[in-house]
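# heads up, no residue letters with this:
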């Protein structure tokens, strides 16, 4: 970005909630069902029907508000956000406007240099989703109303971000908290976590905000960062050429890595908000709020600090292991059977995450029980097997999820610790390789690797590496 300018960025995030039913009716809140099957007169907007608020939606909103240090308003009301579009059968979206449930919170982000920054959250409010238009089924558009009435939380940030990096860190932190709370699956590809970015630029030192644009259609964290950078560049280029920024909505095209105009940007008054007459105000007293506070899990930042303190893990390990609640839970279940915290961390961050990345699965789909990983670590530490043998046992565990001890016994992989047997093997190899013995005695210690390789080959990798190294050096020195 041109150093003459600074960007002013605010994000609007919509996250679909993991409730059993929709926001205002009893239809199933389920993704991937055949079109127009999870619908009823309420979510299809039939005349005369009355909505009933799903209590779980309110509880989830309060949970997120508490996790982001928001003020939970004692009273909040619903409003009708009026606009006409084919996927909105009622002609309005039930949302909150003047009196949302949560306000004035923040998230703290930390950049790669360890510098912290607080980014404000203006409000969190409850609303319902619209339906879905399908444009790729022929020379016409189809409407699927399954998504109508799906409960959403909208999280609106303050315009506190000054770079695409700020926005990326805020968004990933918010996503992490939401999935830790278990209120949303956060799946961006399926649309259950969606982000719009409001972007403007101004001369550094200026306090007045520039004209903003809104960028939509960003379905990954990487695309959010790229789209914001592109829009900042576009606005600076226009201003440098003496032009003016037009307030409008833009769509991000990931294939072309560019933004394109969609429509002029609406102001809130364009929606003609007015109070929803069919829904009573939501009242949250202190007793209910404290009951929900007790449901808060250990949040990622606190869990990371505990991993560093309790398990003596490096900051890097703790950050990776607590990046998702499921991964952190898996790691701690390994520790139910082993106290070797660093080895457990190494296995999760190494072999296990390699499988997750290659197979494109979440830790919940990983086929090996965490307790079996702990047992494998114990087999290495008590010298039943070597680390090399463990790498042979692990693929078998992936196939069968068997207790590693059974695999070791079935395949006769128990480590050889018998000193006399190891001495016999080493003696034979020294006898058969006089040239390499001379090299060692002449000071070329690298030749030790040759001998170790021969010994391991002879014992099928089962000789105890520590014993091999100690005995090998002793027997070679005896040749002097």
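Sure thing, it's come through. Quantities reported herein were computed from a predicted structural model and do not represent experimental measurements.

# check which helix or strand covers the nearest residue to residue 378 once chain neighbours are set aside.
Excluding the flanking residues, the one nearest residue 378 by Cβ to Cβ, 6 or more residues apart in numbering is residue 338, at 5.3 Å. C-beta here means a position set from N, CA and C on the backbone, and glycine is covered the same way. In the assignment (DSSP states H and E), residue 338 maps to no helix and no strand.

# My guess is residue 338 contacts residue 380. True?
No. Applying Cβ atoms under 8 Å, one finds residue 338 not in contact with residue 380, separated by 9.8 Å.

# How is this structure partitioned into domains?
According to automatic domain parsing, the chain is divided into the following domains: 5-291, 300-410, 419-477.

# Kindly present those as CSV, with separate columns for mean neighbour count.
Listed next are the domains of the chain as CSV, based on neighbours: other Cβ atoms under 10 Å:
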stretch, mean neighbour count
domain 5-291, 17
domain 300-410, 17
domain 419-477, 15
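
# can you pull out the strands in the stretch 51-200 of the chain?
Using DSSP state E, counting those that start in this stretch, the strands of the stretch 51-200 of the chain run over 71-72, 75-76, 79-82, 92-95, 102-110, 116-128, 132-134, 142-144, 151-157, 193-203.

# I'd assumed residue 467 was in a helix, is it?
Yes. Per DSSP: H, G, I helix; E, B strand; the rest coil, residue 467 lies within a helix segment.

# still on that earlier bit, among the domains of the chain, where is the model least confident on average?
Of all the domains of the chain, mean pLDDT reaches its minimum on domain 419-477 (a mean of 76).

# what about it, how long is it end to end?
End-to-end distance of domain 419-477 (Cα to Cα, to the nearest Å): 17 Å.

# next one: stretch 31-48
27 Å.

# any idea of the pLDDT on residue 416?
68.

# quick one: contacts for residue 117?
Counting by Cβ atoms under 8 Å, 6 or more residues apart in numbering, residue 117 touches 108, 109, 110, 111, 160, 166.

# ok so, going back, redo the strands of the stretch 51-200 of the chain as CSV? Include distance to residue 6.
Shown next, in CSV, are those (distance: least, Cβ to Cβ, whole Å):
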stretch, distance to residue 6
strand 71-72, 29
strand 75-76, 34
strand 79-82, 32
strand 92-95, 32
strand 102-110, 17
strand 116-128, 14
strand 132-134, 37
strand 142-144, 42
strand 151-157, 17
strand 193-203, 6
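
# Which one, of those strands, ends up nearest to residue 390?
For residue 390, the closest of the strands of the stretch 51-200 of the chain is strand 102-110, at 35.3 Å, according to Cβ to Cβ.

# Each with direction, which strands does that closest one pair with?
Each strand paired with strand 102-110, and its direction, by DSSP bridges: strand 71-72 (antiparallel), strand 116-128 (antiparallel).

# and the ones you listed as TSV, adding distance to residue 42?
Converted to TSV, those look like this (distance: least, Cβ to Cβ, whole Å):
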stretch	distance to residue 42
strand 71-72	27
strand 116-128	10
